[in-house]
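[1] Let me see the structure of the following:
(chains A, B and C)
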Amino acid sequence: MEMKTFKIGGIHPADNKFSANVAIETLRQLPSRVVIPLSQHIGAPATPIVGKGDKVKVGTLIAKSSGFVSANIHSSVSGTVVKIDNFEDAFGVRKPAIEIEVEGDEWEETIDKNAKIDRTFNLSSEEIIEKITEAGIVGMGGATFPTQVKLMPPAGKKADTLIINAVECEPYLTSDHRLMLEKGKEIMIGIQLLMKATKVNRVIIGIESNKPDAIELMTTLSSRTMSVEVCPLKLKYPQGSEKQLIVATTGRELPSGQLPIDVGVIVQNVGTAYAVFEAIVKNKPLVERVVTVTGKSLKQTKNLLVRVGTPMQFVLDSVGGLPIDTGKVVAGGPMMGKAVSNLNAPVTKGTSGILVMNNKESKREEMENCIRCGKCVEVCCMGLQPYLMMKLAEKAMWKEAEEEAIYDCLECGSCSYICPSHRPLLDYVRFGKSKVMQIRRERNLKE
Amino acid sequence: MNIIVISTLILAAIGIVSATVLYYASQKFKVEEDPRVDEVEAALPGANCGGCGFPGCRGFADACVKSDTLEGKLCPVGGGAVMSKIATILGLEVVEENPKVAVVRCGGSCENRSRTNVYDGAKSCAIATSLYAGETGCSYGCLGLGDCVEACTFGALSINSQTMLPEVNEEKCTACGACVKACPKNVIELRKKGPKSRRIYVSCINKDKGGITRKACSVGCIGCLKCQKVCAFDAIIVENNIAYIDYTKCRLCRKCVDECPTNAIVALNFPIRKVATETTNIEHLNS
Amino acid sequence: MNNILTISPSPHIHSGDSVKKNMRDVIIALLPAYAVALYSFGLGAFIVSLTAIFSCLLFEFLIQKYLIKGKFTLGNYSALLTGLLLSFNLPSNIPWWIVVIGSAVAIGIGKMSFGGLGNNPFNPALVGRVFLLFSFPVQMTTWPRPLGWASSYLDAETMATPLALIKNAIYGSSVSLNQVPDVVSLLTVNTAGSMGEISAIALILGGVYLLIRKVITWHIPVSILLSAGLFALIMQLVNPSVYPPFYVHLLSGGMMLGAIFMATDYVTSPMSHRGMLIYGVFIGILTMIIRFWGAYPEGMSFAILIMNAFTPIINKYVKPKRFGRVKK
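    Predicted coordinates for the structure are as follows:
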């Protein structure tokens, strides 16, 4: 059978999923101090509700969501609040965060640490969303969009399909894959809770064909419920992108500038489904996540369950520290992850992986003239013309860039990946996109 | 023979018809324009730099002709000479503006500000800024990727290969402000050129607390307030851990320069004093 | 922290593709045809090709060093490829100094005057060839008989090309169509022509290699061959006594070399697949129009150059299909 996939563009990078067979391991050792940023999600930063000297436990609410698009933040350790100040984040920018000195490992009593799964829960849709909001759950794929916002469609719009994003198309990363293999049952419960919350009765789990074991397991687990369907997808990057996943699984093409709900779809990451399970069944807020620690030069690659706020350096030390020839450390996957300049910065809710690259891998090749081969046009999954958008951005021709629909760009990086002249296409397109978006916003405000 | 005659006639006929059509079209669609706009435009340097705030020289000329006063209008390239010419053309008063020059307010050379990482992306300050804080511990200072050099149409800016900071060629700088707009970090400021090009400014814009600034850069302003206290003319304000010298009040006494513990205050084009208090200081100034 | 980390925007990995690799693949794909050329024309082919390659490299080097003063790009094989392609478009008995002039025009005017690789609107090798065709019409249209290693260089025995015979038929010569070589000769080596174009099968082999290596896509070659073939087929049906079977047209002259190697030149062909199809179809039609009604027996180079000129317009108006723009 021909497997489904999206039609326009796409690339096939080497997947390098070294840690696919390594079981998730809990990072038991805790750092002496954690720094928990107040902005680990898209939207307004949370407002701290603790002060210096306050004692907190694992799961204590330390900062409250400060708006509609925002998320609660809980302490991931037990100890004393030392400082609420601006701390350098992974990219050297100072952002507000709460520093906590770790003392022991005491959890809030309400959290059920028992591994037994209790299937008897009787909550209404509103109650489920309420609990998800309380637990501070955000999209675990890396976009970190507050989950409750997605679950509450605006008036007049209704979803008929819930898509569970288990594609994990980024090379190297395996956290979702391992989660499915080890917490399959829990994820299925999470999915059912999400179905109930959104009142949707059709679920599609999209998994790429490079994870046959996960496809098999999820198919077996979902065979009991008629409404859940596992959809194996042909390997192609960026299938994990919302738009591409929706068109691949349902055939619905999301019109430019619209949200998935406009075509009746809600997309949730498989990691989010697990977090929902934990929040509702175990009463556990989002305080830890699975992080793939990987790289060609690392002696051992791991899938670690890490507390939010743990310094990346501490996580790296637990796998034997950085190799001497390390040239670059990336938070996330190699295609869309961001290079880290400050390793003392913490793991956040959106850190799906820490990728270590050696000196040779981390340097870009020298740029040459554009030879107009059209490969960037061929691979662009949005049907755009990266070569042209780069030139327009270089020349600051924003009007023309807008006509070229630069705002549609997903920043998936396929164009820069494929360019034989090693041109920094995405660098310029991303910059141009942000400029054009700003111009559009200003225009909309005027009108 | 016949062919030659016929083709000549046909071509002539086409020519006459086209000429007639063109003549009527030019009459019918004629745009009425004040002839003085052309005169003013001719007086302008024609660099189309946009430094005056209008779209090109013609835009500026149009604006000058349409308004009743020349107040607030200055061609930064041509300066006073050009403005007085325009004034005679339009019969208006010239409003004098002080000549200004671009000033790079960052002393974070490779020696003064050690690199904590290496940037390997597109060579553009704007792109690097949107990505992260910068190659050093200072997230405010110059990135040295040369967006200002690109923006300058007069070749007045260049990156010094030793310090990796831009340098302003005073002779060429017309204070058009293109570099100020181009710099995503707002490092460059237009300041009064000063008598004999002498001027004093704080060569730092780091708003971090003193300790953090000091760790990142040896010539950063740490907001210690010493300069503010020593200034007899109230020209220095320290706000958000950063000192700023108001060039309209500054009398160029250089007390603050001597007082500054990190040499963040720079005095340019002053003669070297006989008893140099700090030789390093002078070197820094001349760099 | 002891490591100085590198920071760059995503993506952090690259396909490993490079200009050099693409150019090298095209050169590899040309090798079968080159072997055929050496086999058929012997010493002449050897001298002409080496002269073209060497002078292209030399002119690029000189222009870069003394005129443009830019980065050296000799290493990316593009000048070498231009030289090789230029020689493929020349008869193997052409004097070497004409080849040098052709190379100077190809590199100097065709490529470097626009700013080097990537900026040239026209295929440099074809600019060189067409310049020579206008300047030295006699030398450029005197074709040696393929006699293998035995053939001599300048005073080679000559022979008419298949397209010249076809043209004669159009002009009314009743015998010439019978002299057109059969399909087997057209496919292999047994015809006269420019040194690189005589064996369709060697060129197709190279084309298959390029397709497998994903250096080119099928769009341009297929659209050229289809449109030209269809045109020839219609003419054949109209009057089979004057117009030869359509496959003779497809296999003779510069059709294969042009469709597979010249028209697919990255720099001068459109960016989007739809644009490539339009470009290809017009090349096919223009080539056949010139072959049927033009003054020259062959129109491939002209057709490609004409469509090169239209490439910017095609790029401007023919955009790829955008995501999320179907419903209205």
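[2] Helices of the stretch 251-400 of chain A, residue ranges please.
    Counting by DSSP state H, counting those that start in this stretch, the stretch 251-400 of chain A has helices at residues A:270-281, A:312-317, A:359-362, A:375-379, A:386-394, A:398-403.
[3] any residue of the shortest one up close to chain B?
    Yes: under the criterion of C-beta under 8 Å from any C-beta of the partner chain, chain B is reached by helix A:359-362 at A:Ser362. Every residue, glycine included, has its C-beta placed from N, CA and C.
[4] list the helices and strands the biggest helix by length in chain A packs on?
    The single longest helix within chain A, with elements called by DSSP state H, is helix A:425-446. Other helices and strands packing on helix A:425-446, by 3 or more C-beta pairs under 8 Å, 6 or more residues apart in numbering or on different chains; DSSP states H and E, are helix A:386-394, helix A:398-403, helix A:414-418, helix B:125-131.
[5] and the gap between the residue nearest to the spatial centre of chain B and B:Gly51?
    Compute the mean C-alpha point of chain B, and by C-alpha atoms, centre = their mean the closest residue is B:Gly177, 3.1 Å away. Distance of B:Gly177 to B:Gly51, given as C-beta to C-beta, to the nearest Å: 5 Å.
[6] Could you name every residue contacting both of these two?
    By C-beta atoms under 8 Å, 6 or more residues apart in numbering or on different chains, B:Gly177 and B:Gly51 have these common neighbours: B:Pro76.
[7] Can you add mean neighbour count and give the helices and strands packed on helix A:425-446 back as CSV?
    Below are the helices and strands packed on helix A:425-446 laid out as CSV (neighbours: other C-beta atoms under 10 Å in any protein chain shown):
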stretch, mean neighbour count
helix A:386-394, 23
helix A:398-403, 16
helix A:414-418, 27
helix B:125-131, 22
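[8] Write out the residues of the stretch 51-200 of chain A neighbouring chain B.
    A:Glu88, A:Phe91, A:Gly92, A:Val93, A:Arg94.
[9] For the closest residue to the second one other than its chain neighbours, give me its contacts.
    Sequence neighbours aside, B:Tyr132 is the residue nearest to A:Phe91 in space, at 3.6 Å (criterion: C-beta to C-beta, 6 or more residues apart in numbering or on different chains). Listed by C-beta under 8 Å, 6+ apart, the contact set of B:Tyr132 reads A:Phe91, A:Gly92, A:Val93, A:Lys338, A:Ala339, A:Ser341, C:Ile7.
[10] how about those residues, which pair is most distant?
    Farthest pair in the contacts of B:Tyr132 (C-beta to C-beta) is A:Val93 and A:Ala339. Separation: 13.4 Å.
[11] So which of these two has more stuff around it?
    Between A:Val93 and A:Ala339, A:Ala339 has the larger neighbour count (other C-beta atoms under 10 Å in any protein chain shown), namely 28 against 16.
[12] what sits opposite the more buried one in the beta ladder?
    Under DSSP bridges, the beta-bridge partners of A:Ala339 are A:Val330.
[13] closest point of the stretch 51-200 of chain C to chain A, which residue?
    Closest residue of the stretch 51-200 of chain C to chain A, C-beta to the nearest C-beta: C:Gly118 (3.5 Å).
[14] So that residue versus chain B, what's the distance?
    17 Å (C-beta to the nearest C-beta, to the nearest Å).
[15] which parts of the stretch 151-300 of chain A sit against chain C?
    Proximity of the stretch 151-300 of chain A to chain C (C-beta under 8 Å from any C-beta) is limited to residues A:Pro171, A:Lys243, A:Val247, A:Glu253, A:Leu254, A:Pro255, A:Ser256, A:Gln258.
[16] For the helix or strand bottoming out on mean pLDDT in chain C, output the C-alpha coordinates as PDB.
    In chain C, no helix or strand scores lower on mean pLDDT, DSSP states H and E than helix C:176-179, which sits at a mean of 73. Listed next in PDB are the C-alpha coordinates belonging to helix C:176-179 (Å, rounded to 0.1, in the frame of the first residue of the first chain):
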ATOM      1  CA  SER C 176      18.600  13.300 -50.300                       C
ATOM      2  CA  LEU C 177      16.000  11.800 -47.900                       C
ATOM      3  CA  ASN C 178      17.200   8.400 -49.000                       C
ATOM      4  CA  GLN C 179      20.700   9.200 -47.900                       C
END
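[17] Can you give the distance of that helix from its chain's centre?
    Helix C:176-179 sits 27 Å away from the centroid of its parent chain (C-alpha atoms, centre = their mean, to the nearest Å).
[18] ditto for stretch B:61-73
    Relative to the chain's own centre, stretch B:61-73 is displaced by 22 Å; criterion: C-alpha atoms, centre = their mean.
[19] Now the element after the least confident helix or strand of chain C, going C-ward?
    Downstream of helix C:176-179, the first helix or strand assigned by DSSP states H and E is helix C:183-187.
[20] so what's the backbone phi/psi at the residue in the stretch 201-350 of chain A that chain B sits nearest to?
    The minimum distance from the stretch 201-350 of chain A to chain B, using C-beta to the nearest C-beta, falls at A:Ser341 (4.4 Å). Taking degrees, to the nearest 10, you get phi -100, psi -20 for the backbone angles of A:Ser341.
[21] What of A:Leu245?
    phi -70, psi -40.
[22] Compute the number of surrounding residues for the residue nearest to it when sequence neighbours are not counted.
    Once flanking residues are discounted, A:Leu245 sits nearest to A:Gly206: 5.3 Å by C-beta to C-beta, 6+ apart. By other C-beta under 10 Å, 25 other residues sit near A:Gly206.
[23] what residues does the stretch 51-200 of chain B put near chain A?
    Within the stretch 51-200 of chain B, the residues that sit near chain A (C-beta under 8 Å from any C-beta) are B:116-117, B:120-122, B:124, B:126-127, B:130-134, B:137, B:139.
[24] top helix in chain B by residue count?
    Taking DSSP H as the criterion, chain B has its longest helix at helix B:2-28.
[25] avg pLDDT for the helix or strand that comes right after that helix?
    Downstream of helix B:2-28, the next assigned helix or strand under DSSP H and E is helix B:35-43. Helix B:35-43 shows a mean pLDDT of 85.
[26] which is the next helix or strand following helix B:35-43?
    Later in the chain than helix B:35-43, the nearest helix or strand by DSSP H and E is helix B:56-66.
[27] name the helices or strands packed onto that next one?
    For helix B:56-66, the packing partners by 3+ C-beta pairs under 8 Å, 6+ apart are helix B:35-43, helix B:79-90.
[28] And the average pLDDT for that helix is what?
    In this model, helix B:56-66 carries a mean pLDDT of 85.
[29] which residues are in contact with that helix?
    B:34, B:36-38, B:40-41, B:44-48, B:50, B:52, B:54, B:70, B:73, B:75, B:86, B:90.
[30] Over to C:Tyr296. Which of the three states is it?
    Secondary structure, DSSP: H, G, I helix; E, B strand; the rest coil: C:Tyr296 is coil.
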